[in-house]
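Q: just coords:
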């Protein structure tokens, strides 16, 4: 089988289509929520939200891994090795989204506040660090629910 047909085969698999759909759906919902709450100020920001921006409601990471785990559960069974692997991936991703990444974002915001304050007093020169947003538990839960519904729909309708 040549590379082109392998690539075609990959992107026609229901699981990968469902995962892509799940991620895009979460990003679209996130963008709509930000748009209607008046938090989008430019076309660049709108495109960034649609395609890449992390944080906010719902968690696209959580939606994607939940869809994957759900699809594998239906296709291979919950007693399969591949399901256990996907469940481990799910748990690590969820923990990271709500724990580590959120803590890093909060710490970065505090460091930027302290740095700006010291720079205003002329004590140091300061260049802000990137504040990577993590997720609240509610944002993660909504991503998980979205991902489960999409995974379920793709599993039942395939």
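A: Noted; the coordinates are in hand. These numbers come from a predicted model, not from an experiment.
Q: contacts for the helix or strand containing residue 142 next, please.
A: Using DSSP states H and E, the element containing residue 142 is helix 137-157. Here helix 137-157 makes contact (CB atoms under 8 Å, 6 or more residues apart in numbering) with 14-15, 17-18, 21-22, 25-26, 29, 55-71, 74-75, 94, 97-98, 135. Where you see a C-beta, it was placed from the backbone N, CA and C, and this is true even at glycine.
Q: can you give me the helices in the protein?
A: 3-10, 14-36, 43-51, 60-76, 81-95, 101-120, 137-157 (DSSP state H).
Q: any chance of those helices in TSV, plus mean neighbour count and distance to residue 130?
A: Below are those laid out as TSV (neighbours: other CB atoms under 10 Å; distance: least, CB to CB, whole Å):
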stretch	mean neighbour count	distance to residue 130
helix 3-10	9	33
helix 14-36	18	19
helix 43-51	13	14
helix 60-76	24	18
helix 81-95	15	21
helix 101-120	14	7
helix 137-157	19	19
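Q: centroid residue for this protein?
A: residue 61 (2.4 Å; CA atoms, centre = their mean).
Q: for this protein, give me the ranges with low pLDDT.
A: 158 (pLDDT under 70).
Q: follow-up on the earlier one: ok, the residue nearest to the centre of the chain touching residue 93?
A: Yes - the pair residue 61 and residue 93 qualifies as a contact (CB atoms under 8 Å) at a distance of 5.6 Å.
Q: circling back: quick one: contacts for the residue nearest to the centre of the chain?
A: Residue 61 makes contacts with 54, 93, 96, 97, 135, 143, as judged by CB under 8 Å, 6+ apart.
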